[in-house]
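Novice: Fold the following and give me the result.
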Amino acid sequence: MSGCRLTEEEQTYSEYVRDLSGVRVTAVSLLSGFTFTTINILLNQLPDPGSIMSNITLLFLTIIFDLLLFLLGWQINIVIGLYDVRDPPPRERWELTAFNVIMLVVFMMWGVSLVLIYLLWNLYTLAIVSGILWALLNIVGLYIGANMRKRLGWSILDGLKGH
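Specialist: Predicted coordinates:
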């Protein structure tokens, strides 16, 4: 099986995105980890995590965290989508597809972890609002991912079947 041949313009763009993606993924990963840590430290250090001001601050940080995860997932989809592996061997296609599906599940679970942490602290309103926000971002992310896979001619089910 042969790989896809890219035009010179496509190759240049593909290389540009790969180079830029390393910086983006590193920066967004660092910021999301920092934000997650900040939320957890604040929960442990605030005298009253249930106060209005504490909830506003935690919600603000949750929005930042969720958006950073959204950007990280989107960037990873872009990088995966631009690699010129259009016709890999069947086993490799299955492994790549399985990896991408598991990565998607991990992203979703990572975002839900804040909801669970808020529930542990009995911050029910914050848990509900952050859960709704995370669900909306996941819906948008799945929509973007589906459109990207459609444009690239990918099918998750076909990839798992080895077609």
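Novice: Under the pLDDT cut-off, which ranges of the protein? List them.
Specialist: Within the chain, the stretches with pLDDT under 70 are 1-20, 78-90, 93, 149, 152-163.
Novice: Apply 50 and report the result again.
Specialist: 1-3, 84 (pLDDT under 50).
Novice: all strands of it, in order?
Specialist: Across the chain, reading from the start of the chain, there are no strands by DSSP state E.
Novice: Tell me how many other residues crowd residue 137.
Specialist: Here the number of neighbours of residue 137 (other CB atoms under 10 Å) works out to 19. The C-beta positions use only the backbone N, C-alpha and C, and glycine is treated the same way.
Novice: which residues does it contact?
Specialist: Taking CB atoms under 8 Å, 6 or more residues apart in numbering as the criterion, residue 137 is in contact with 66-67, 69-70, 111.
Novice: at 7 Å what do you get?
Specialist: Taking CB atoms under 7 Å, 6 or more residues apart in numbering as the criterion, residue 137 is in contact with 66, 70.
Novice: Give me the distance between it and residue 52.
Specialist: Per CB to CB, to the nearest Å, residue 137 is found 24 Å from residue 52.
Novice: what about residue 118, how many residues close to it?
Specialist: Using other CB under 10 Å, residue 118 has 25 neighbouring residues.
Novice: what's the nearest residue to it if we skip its chain neighbours?
Specialist: Taking CB to CB, 6 or more residues apart in numbering as the measure, residue 118 lies nearest to residue 127, with 3.8 Å between them; neighbours along the chain are not counted.
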